[in-house]
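In: Predicted model and sequence follow; I will ask about them next.
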Amino acid sequence: MERSSTYDVVVVGAGFSGIYGLHSLRERGFRVRLIEAASGVGGTWYWNRYPGARCDVETTDYQFGFDERIVQGWTWSQRYAPQAEILTYLNYVTDLLDLRRDMQFDTRVESATFDEDATRWELVTDTGERIAAQHCVMATGSLSAARAPDIPGLASFAGGCHHTGRWPHDGVDFAGQRVAVIGTGSSGIQSIPVIAQQARELTVFQRTANFSVPAHDRPRDPADEARMKRTFMQDREAAKWTTQGVFASWVANDVSALDVDDHARQAEFSRRWAHGGFGFFESFNDLITDRDVNDQAAEFARARVRDVVDDPTVAELLCPQDHPFASKRLCVDTDYHATFNRPNVALVDLRATPIVAITPHSVRTTAAEFAVDSIVLATGYDAMTGALLAIDIRGRNGVGLAEKWSAGPVTYLGIQTAGFPNLFLITAPGSPSVLSNMISSIEQHVEWTTDCITYLRQHGQRTIEAESDAERAWVAHVDERASETLMPEADSWYVGANIPGKPRFFMPYTGGVGSYRRRAEQIAADGYAGFVLA
Ligand code: NA7
C-alpha cells in the first residue's frame, strides 16, 4: 500500500550522523523523519559484528561531545570500545534523547528526486512509501556499502560465507572448522587473531600487506575515566581545531623528522609504537609529506614485523613494500603479526598465486586448492560514495548524482553538490571525514547543516545550492592539498582503487579538521558564500 507524508527534513541513516542529525534539527523545532534500512540504530556498528570488531580510535575521542549528559551518563570499559559496547551506547543515546519516535526502521530509501516546482525532495522507499521533505540529509555513512569480491564460483560455496560488514547477528561458531579469510585491511587484521583462536585451521589470503601499529588495548582505569569526564567538554572543544579532531588518542608532534638526528627520530618512533594506536602516524609533521621520512617510518614498522614473526619468509610477506606508510588506511591491531606464529595459521600470497575460483568446498589459487568449511570476506567497502550512489538521487532537470559524479565525486565543502538544492551530505568526499575522528567531523557537519537550515527559515529562503564555480574551486583545493602528500600514490579505497571501474579520485580532504572548520564557519558567517539562496 502506498503511503505518503511530508516533513521539513528527512534524515537517511541511523548511525552516529543520523542520530545526532535528527536530534539537532528536532531541537530547532523542525519536523524531522529518520529512515533506516536496518532494524535498529548503529549504522556501521549495527552491521559490523565480526569477531574482534572494535573502534581503533580511542573511545575517549570516539564518542559524542555535543551534550555533557551523554558523557557523564556513560562509562566505557576499554581503551578501544568493542562493537557491542558502541552499539549499546548508541541505543543509550537514542533513548536518552527520546529519538525513537521519529525513526523508521526496516525501510530502505530507493530514490530521492528534487521536485523543482514544489522545491522539495520526494523520497520513495522499498516499502512503497513516499516521503516529501524540504531538505534531505544523507547520513548514509562513509564505509557502509559492503563489497564482496568478483571471484568466480563464490556463490557456489556450500559452507558459511560472511562479509565482515554484514555479519550474522547470532554470531558464527568456527570451532573445529577450516576457515579462509580473504582480505587484510582493518577488518581482516582485527578478526584474524580472534578467528585463529576458534578455528581448527585458518588460511589468510593476502593481496596487499598493510601497515599496522599495535593497539595496546586495556581496560579503562576508573581514575582515568573520572579525569576524562571532568575535562571532556573543554578538551573536545580544543580538539575541534586540531588536525584530526582528537585530544586523547594521540598528540601531534609538530616537528620535522629532518630537524632531529637519527637517534632522536628512532626514539620518537619507539615511544609512540610502545604507546600504541594512531599516535605513531603523528610522530613527525612530515611523515606523510616527505618521502625519506615516510620511508624511515615504514622501515621502522617493517622491522617490528620481523621482530615478531618467527618464519622469515612469512615475515617478509607481511611487510608492506608497495605503498608509502599510512597512504592506505593505517591499521591498529592486537596480536595480528604474532598470530602467524600459530601452528594452525597459514598465509597465502595472492600476488604470487591469485585466487582463480571458489568451489563448493574450497578456495583455489593458481598454485593450490585449499579445502575450507567457512569463508570470511574482509574485502571492504565501496567507500565514501557507495551508499549515496546506491540511492537513485536526482537533482535539477532530473540529472542523476551518479551521472554528475561519473568522473569522481565533486562537492562544495563535502556538504553539498551543485544542481542538488537542499541536499546535505554528512562527511562526504571533499571533507576531512575518514582522515579524522569521525565523531567530531560528523558533529561539525550536523551543526553546520542545522545552522544552515535554521538560517534559511529565519531569512525566508526555501533553497540553498552550491554554486558551480565555488564547487570547482573547492575540488581544485582538495586535490592540491592531497597532492602535497604521498597519500594519492597508493591503490587505496581513498582513491576508489578497490572498486573496478570507479574513477580514481582522492576523496577525503587532507587539509585538517581545524582549518576546514574555520573555512566552513567563515563561509556561513559570510551569508553562505559560494551558495545560492533562493
Ligand atoms: P579494506 O581496508 O578496504 O580492506 C579490504 C581488504 O580486502 C584489502 O586487504 C584488500 O586488498 C582485500 N581485497 C579486496 N578485494 C579482494 C579480492 N578480490 N581478492 C583478494 N583480496 C581482496 O576494508 P576493511 O573492511 O578492512 O576496512 C575498512 C575500513 O573500516 C577501515 O579502513 C576502517 O576505517 C574501518 P587490497 O588492499 O585491495 O589489495
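Out: Everything's here; your move. Numbers count the residues shown, from 1 in each chain.

In: Which residues lie in contact with the residue lying closest to residue 73 once chain neighbours are set aside in this structure?
Out: In space, and not counting its chain neighbours, residue 73 is closest to residue 96: 6.8 Å by CB to CB, 6 or more residues apart in numbering. In short, each C-beta sits where N, CA and C put it, glycine included. Each residue near residue 96 by CB atoms under 8 Å, 6 or more residues apart in numbering is listed here: 69, 70, 73.

In: Considering these, which possesses the most neighbours?
Out: Highest neighbour count within the contacts of residue 96: residue 70, with 16 neighbours (other CB atoms under 10 Å).

In: Just read off the phi/psi values of that one.
Out: phi -60, psi -40 (degrees, to the nearest 10).

In: Relative to residue 373, which of the contacts of residue 96 is nearest.
Out: residue 70 (42.9 Å; CB to CB).

In: ok, how many other residues are close to the closest residue to that closest one other than its chain neighbours?
Out: Nearest residue to residue 70 in three dimensions, chain neighbours excluded: residue 64, at 5.2 Å (CB to CB, 6+ apart). The number of residues packed near residue 64 is 21, by other CB under 10 Å.

In: from the contacts of residue 96, which is closest to the ligand?
Out: residue 70 (23.0 Å; CB to the nearest ligand atom).

In: How about the contacts made by that closest one?
Out: By CB under 8 Å, 6+ apart, the neighbours of residue 70 are 63, 64, 93, 96.

In: The helix of greatest length in the chain close to the ligand?
Out: Assignment by DSSP state H gives helix 438-458 as the longest helix of the chain. No: judged by CB under 6 Å from any ligand atom, helix 438-458 and the ligand are separated, with a smallest distance of 8.5 Å.

In: So which elements touch that helix?
Out: Packing partners of helix 438-458 (3 or more CB pairs under 8 Å, 6 or more residues apart in numbering; DSSP states H and E): helix 16-27, strand 423-425, helix 513-525.

In: Redo these as TSV? Include mean neighbour count and mean pLDDT.
Out: TSV is the format used below for the helices and strands packed on helix 438-458 (neighbours: other CB atoms under 10 Å; pLDDT from 0 to 100):
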stretch	mean neighbour count	mean pLDDT
helix 16-27	25	98
strand 423-425	25	99
helix 513-525	17	98
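
In: between the helix or strand bottoming out on mean pLDDT in the chain and helix 16-27, how big is the angle?
Out: Every helix and strand in the chain was compared by mean pLDDT, DSSP states H and E; the lowest is strand 3-12, with a mean of 92. Relative orientation of strand 3-12 versus helix 16-27 (axes from the mean of the first three to the mean of the last three CA atoms, to 10 degrees): 120 degrees.

In: and strand 3-12, which residues are buried?
Out: By 16 or more other CB atoms under 10 Å, the buried positions in strand 3-12 come out as 7, 8, 9, 10, 11, 12.

In: quick revisit: what does the pLDDT read for the residue nearest to residue 73?
Out: Residue 96 is assigned 98 on the pLDDT scale.

In: what helix or strand does residue 227 sit in?
Out: Per DSSP states H and E: residue 227 is located in helix 222-239.

In: follow-up on the earlier one: after the longest helix of the chain, which helix or strand is next? Please name it.
Out: Counting by DSSP H and E, what follows helix 438-458 is strand 464-466.

In: Run me through the strand neighbours of that following strand, direction for each.
Out: strand 531-533 (antiparallel) (DSSP bridges).

In: The buried residues of strand 3-12: which ones sit near the ligand?
Out: Counting by CB under 6 Å from any ligand atom, no member of these is near the ligand.

In: if we can go back for a sec, surely the residue nearest to residue 70 touches residue 94?
Out: No: Residue 64 lies out of contact with residue 94 (CB atoms under 8 Å); the separation is 11.2 Å.

In: So which bits of stretch 486-498 are buried?
Out: For stretch 486-498, a neighbour-count test (16+ other CB under 10 Å) marks 486, 487, 488, 490, 492, 493, 494, 495, 496, 498 as buried.

In: Looks like the first one contacts residue 292 (just checking).
Out: So the one you mean is residue 486. No: assessed by CB under 8 Å, residue 486 is found out of contact with residue 292, at 11.0 Å.

In: Just the element for residue 84, please.
Out: If you go by DSSP H and E, residue 84 is part of helix 83-96.

In: Check the secondary structure at residue 332 for me.
Out: Secondary structure assignment for residue 332 (DSSP: H, G, I helix; E, B strand; the rest coil): strand.

In: That one: neighbouring residues, count only.
Out: Neighbours of residue 332 (other CB under 10 Å): 26.

In: Now it. Nearest residue, chain neighbours left out?
Out: residue 56 (3.8 Å).

In: Who are the contact partners of that neighbour?
Out: Contact analysis of residue 56 by CB under 8 Å, 6+ apart lists 80, 186, 190, 215, 277, 278, 331, 332.

In: ok so, going back, among the helices and strands packed on helix 438-458, which comes closest to residue 255?
Out: helix 513-525 (18.1 Å).

In: how about the residues of the stretch 201-350 of the chain that lie near the ligand?
Out: Counting by CB under 6 Å from any ligand atom, the stretch 201-350 of the chain sits next to the ligand at 207, 208, 329, 350.

In: Contact residues of the stretch 351-500 of the chain facing the ligand?
Out: 378, 379, 380, 381, 493, 498.

In: Out of the residues you listed, list just those in helices.
Out: Going by DSSP H, the helices hold none of these.

In: Report the two of those residues separated the most.
Out: Once CB to CB is applied, these give 378 and 493 as the farthest pair, at 13.0 Å.

In: quick one: contacts for the residue in the stretch 251-400 of the chain positioned nearest to the ligand?
Out: Going by CB to the nearest ligand atom, the ligand is nearest to residue 380 of the stretch 251-400 of the chain, at 2.5 Å. For residue 380, the contact set (CB under 8 Å, 6+ apart) comprises 146, 147, 165, 183, 185, 187, 493, 498.

In: No further questions, thank you.
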